[in-house]
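>>> Need coordinates for the below:
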Amino acid sequence: MVITKLTLPRRTFLRGMGATLALPLLDAMVPALSARAPATPRFAAIYVGNGMNMFDWTPPTEGVGFELSPTLRPLEPFRDRMLVFSGLDNYPATDQGDTGGQHPRAAPAFMSSVHPKQTEGADILAGTTVDQMIAELICRDSKLSSLEVAVDRNDVVGACDHGYACAYMNSISWKSPRQPLPAETNPRFAFERLFGSGDSAEERAVRVQEDRSILDGLSQEIAALSSKLGGHDRTKLGEYLDAIRDVEQRIAKAESTNSDFEVPDRPVGVPETFREYAELMFDLQVLAFQADVTRVTSFMMARENINRTYNEIGLPEAHHAMSHHGNNPEKMQDFAKLNTYHVDTFAYYLDRLRSIPDGDGTLLDGTVVLYGSGMSDGNTHNNYNVPTVVIGGPEKGLQGNRHLVYPKGTPLANLSLSLMDKFGVQVERFGDSTGQLPLLSGV
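Residues are numbered from 1 along each chain as shown. Presented below is the predicted three-dimensional model:
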């Protein structure tokens with residue numbers, strides 16, 4: 001039985017000058033006679049462009065207790081929730097008579113399973129993505145229907161690649177076939193979207209300049225609430241507020257660093273290294289889940305055709321160039337090293353979700369995370385047998401610790417259809433699907 005000093009609605013907000021703060025799940029929000037707070041359903045998608053070195057990605061064995069591949073070893077701590085898929089084809093990303101454009105097709109097709117229209121104009125056309133289908137059901141009462149973030153610039157407009165509009169490479173999430181949802185790349189803007197409210201751009205700039213926290217305008221409200229909470233809830237609230245302030249300080253540090261010198265390809269407010277940048281964006285997504293601001297996120301951890309370098313791990317060659325390794329063994333190992341670095345960064349996110357209490361479990365409970373790329377072999381722009389991992393658990397009827405190998409020609413859309421079903425989204429067909437994937441629940 002949960003005993004607290006007061007009872008709060010699940011979606012409780014503190015409002016002050018320039019801030020609207022959603023609270024994490026507290027004991028005070030759980031009915032007094034409830035034995036267990038049900039896991040909140042959440043969905044996250046992580047996308048990495050340019051494919052993988054599939055030799056180092058693909059596990060050498062299949063089934064239960066499979067042997068992890070070198071690239072996937074950072075996910076060992078999450079093996080019990082991990083499903084690795086082989087044999088799934090992103091066929092809608094193939095050319096199908098169009099000329100070129102493998103990169104701008106791969107990204108939108110990954111979660112829509114629809115072949116994007118080749119156009120440089122405003123008449124873009126793809127398909128509603130699986131994250132948005134899920135968001136429509138589970139985020140009806142959320143402050144944000146979903147959150148889309150990325151770590152690579154998306155401020156390019158017009159044609160990006162072989163007659164395809166940049167919108168295709170800038171967005172993996174599509175609200176409708178004609179409405180892409182551009183990913184936010186600036187941590188400050190993403191933070192303000194989650195917690196800012198009411199103040200003008202000028203007022204926000206002054207707050208940042210004076211190094212004031214968004215929490216400063218809520219100090220009285222926070223103190224009043226804390227005085228009424230039980231000890232466990234006060235601790236949980238304090239940890240949540242500390243996490244918010246930590247993210248603010250990391251954003252401020254990046255902004256301060258940017259003011260000292262110019263880096264033409266990095267906008268103001270972006271951390272210097274990929275790891276710092278990605279972890280900050282991951283922590284923003286964790287806060288969004290913790291506060292129940294939204295229950296659906298998507299993250300382009302590496303944009304298609306991107307030329308980011310990774311000097312911090314000894315990889316000075318650009319990401320896209322590395323993917324075109326020409327089957328040179330040394331270059332393939334460099335590409336595999338990058339793939340593993342991305343997976344290791346992804347593991348940071350999973351660890352953060354697992355470390356934060358939520359009801360009787362953690363944020364990871366009830367959360368399904370999709371990780372993958374719209375290409376398999378970036379060297380040949382192959383869209384068959386695309387690298388795909390799902391982190392989930394019994395809360396969503398998923399049995400982990402398995403490498404599932406499906407027959408050649410199985411649509412990636414079948415996985416999307418199955419995931420939607422796990423969230424209660426009932427559709428008979430999605431994109432080029434032929435039916436739900438068997439074996440996700442172990443039977």
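>>> export stretch 333-343 as CSV, just CAs?
The C-alpha trace of stretch 333-343 is given here as CSV (Å, rounded to 0.1, in the frame of the first residue of the first chain):
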residue,chain,number,x,y,z
GLN,A,333,37.2,-2.1,-39.4
ASP,A,334,37.1,1.7,-39.0
PHE,A,335,33.5,1.7,-40.0
ALA,A,336,32.7,-1.1,-37.6
LYS,A,337,34.5,0.9,-34.8
LEU,A,338,32.1,3.8,-35.6
ASN,A,339,29.1,1.5,-35.6
THR,A,340,30.1,0.2,-32.2
TYR,A,341,30.7,3.7,-30.8
HIS,A,342,27.1,4.6,-31.8
VAL,A,343,25.8,1.4,-30.1
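>>> quick one: contacts of it?
If you take C-beta atoms under 8 Å, 6 or more residues apart in numbering as the criterion, stretch 333-343 is touched by 48, 52-53, 55-57, 70-75, 301-302, 310, 313, 315, 317, 319, 322-323, 325, 371, 378. All C-beta spots, glycine's among them, are computed from the backbone N, C-alpha and C.
>>> May I see the buried residues of stretch 418-436?
The neighbour-count check on stretch 418-436 (16 or more other C-beta atoms under 10 Å) flags 418-423, 425, 430-433, 436 as buried.
>>> Among those, name the ones in helices.
The helices, defined by DSSP state H, take in 418-422 from the buried residues of stretch 418-436.
>>> is it possible to export those residues to TSV including pLDDT?
Formatted as TSV, those follow (pLDDT from 0 to 100):
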residue	pLDDT
Ser418	97
Leu419	98
Met420	98
Asp421	96
Lys422	96
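>>> Going along the chain, name the strands of the stretch 1-150 of the chain.
For the stretch 1-150 of the chain, the strands defined by DSSP state E, counting those that start in this stretch cover 13-16, 19-22, 42-48, 63-64, 82-89, 147-150.
>>> same question for the longest one, mean pLDDT?
Just to be clear, that refers to strand 82-89. The pLDDT scores in strand 82-89 average 98.
>>> what's the angle from the longest strand anywhere in the chain to strand 82-89?
Taking DSSP state E as the criterion, the chain has its longest strand at strand 402-411. Angle between the axes of strand 402-411 and strand 82-89 is 20 degrees (criterion: axes from the mean of the first three to the mean of the last three C-alpha atoms, to 10 degrees).
>>> residues in contact with strand 402-411?
For strand 402-411, the surrounding residues in contact (C-beta under 8 Å, 6+ apart) are 59, 61-64, 66, 82-89, 91, 113, 431-434, 437, 439-440, 442.
>>> hmm, 6 Å instead?
Identification of contacts with strand 402-411 by C-beta atoms under 6 Å, 6 or more residues apart in numbering yields 59, 62, 64, 66, 83-88, 432-434, 439.
>>> and the two most separated of those?
Within these, two members stand farthest from each other by C-beta to C-beta: Val64 and Asp432, at 29.2 Å.
>>> Return the members of the contacts of stretch 333-343 classed as buried.
The neighbour-count test (16+ other C-beta under 10 Å) marks 48, 52-53, 56-57, 70-72, 74-75, 301-302, 310, 315, 317, 319, 322-323, 325, 371, 378 as buried among the contacts of stretch 333-343.
>>> Narrow the residues you listed to those in helices?
Assigned to helices by DSSP H, the following of the buried ones among the contacts of stretch 333-343 qualify: 56-57, 319, 322-323.
>>> Switch those residues over to JSON lines; also include pLDDT and distance to Ala28.
Shown next, in JSON lines, are these (pLDDT from 0 to 100; distance: C-beta to C-beta, whole Å):
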{"residue": "Asp56", "pLDDT": "98", "distance to Ala28": "48"}
{"residue": "Trp57", "pLDDT": "98", "distance to Ala28": "45"}
{"residue": "His319", "pLDDT": "95", "distance to Ala28": "47"}
{"residue": "Met322", "pLDDT": "96", "distance to Ala28": "51"}
{"residue": "Ser323", "pLDDT": "96", "distance to Ala28": "50"}
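>>> Nearest to Pro394 among the residues you listed?
Proximity to Pro394 was ranked across those by C-beta to C-beta; first place goes to Trp57, at 26.2 Å.
>>> got the contact list for the closest one?
For Trp57, the contact set (C-beta under 6 Å, 6+ apart) comprises 69, 71, 387.
>>> how about the first one, what does it touch?
When the contact criterion is C-beta under 6 Å, 6+ apart, the partners of Ser69 are 57-59.
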